[in-house]
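1. structure for the following, please:
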Amino acid sequence: MADDDELDDDVDDHEEDDEEGSSDGGGKKKLFIIIGLALLLVVGGSAAAYFTGLLQPLIDMIAGDGAQSDEEVIAQDAIFYDLPELLVNLSTAGRKSTFLKIRISLELEKPEDVPKVESVMPRIIDNFQVYLRELRVEDLKGSAGMYRLREELLKRVGAAIAPAKINDVLFKEMLVQ
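-> Okay, here's the model as predicted:
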């Protein structure tokens, strides 16, 4: 019987060791989960702050005051060239005639590009006239229509004056009547 009591004590000791070991393992698991969640929170918060622009002042401060963004450099060196006013009738498909009156300014990259623009001005006006005459009134509605028009005109003027570069097409006046 004494042997049986010793065996029972040994079994009880092993069960207690297993329970203590599993609680330590469970504690380690909880610790790893907490650390992982904390890291995820810090990394996620940092990424969100970066992509929303909240970190931009800090990044600019680290980069130094001497660093300028590309937009600031373009804005300082930009040259604007006004095109003559364009008046075209829009495609109406049998309805009453509709006219588009538009005044455009081109933002050139360098002052040296002005003579290039002036030398190909008839081609630019022709490209614009052909494109604008194919438009319908519905094509010009809303900000999306204006954006598409700007992109198409930019593409056409860029092709006409290549290799010179146009930064943007700016609308000074636009009237649909």
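2. on the three-state scheme, Leu170 is what?
-> Assigned with DSSP: H, G, I helix; E, B strand; the rest coil, Leu170 falls in the strand class.
3. beta-bridge partners for it, please?
-> Ser105 (DSSP bridges).
4. neighbours of it, just the number please.
-> Residues lying near Leu170 (other C-beta atoms under 10 Å) number 13. (C-beta placed from N, C-alpha, C; glycine too.)
5. quick check: it touching Leu108?
-> No: look at Leu170 against Leu108 with C-beta atoms under 8 Å: they stay out of range, at 11.3 Å.
6. need the residues touching each of the two.
-> Phe80 (C-beta atoms under 8 Å, 6 or more residues apart in numbering).
7. ok, the most centrally placed residue in the chain - contacts?
-> Centroid check for the chain by C-alpha atoms, centre = their mean gives Phe51 as the closest residue, at 10.7 Å. If a contact means C-beta under 8 Å, 6+ apart, then Phe51 has no contacts.
8. Gly45 versus Leu55, what's the distance?
-> 11 Å (C-beta to C-beta, to the nearest Å).
9. looking at the two, which has the bigger crowd around it?
-> Comparing Leu55 with Gly45 by other C-beta under 10 Å, the one with more neighbours is Leu55, at 15 against 11.
10. any idea how far that one lies from Gly94?
-> Separation of Leu55 from Gly94 (C-beta to C-beta) stands at 57 Å.
11. same question, Leu83
-> In terms of C-beta to C-beta, Leu83 sits 31 Å off from Gly94.
12. and for Lys110?
-> 47 Å.
13. returning to what we had before: which of Leu83 and Gly94 has more neighbours?
-> Legend: neighbour count by other C-beta under 10 Å for Leu83 and Gly94, higher for Leu83 (19 against 4).
14. check what pLDDT that one gets.
-> pLDDT recorded at Leu83 is 90.
15. wait, isn't it in contact with Ser105?
-> Yes: using C-beta under 8 Å, Leu83 makes contact with Ser105 at a distance of 7.0 Å.
16. how's the chain carved up into domains?
-> Per automatic domain parsing, the structural domains of the chain span 2-63, 72-176.
17. flag the shaky bits of the protein, pLDDT-wise.
-> Counting by pLDDT under 70, the low-confidence segments of the chain come to 1-25, 65-77.
18. thank you kindly, that will do.
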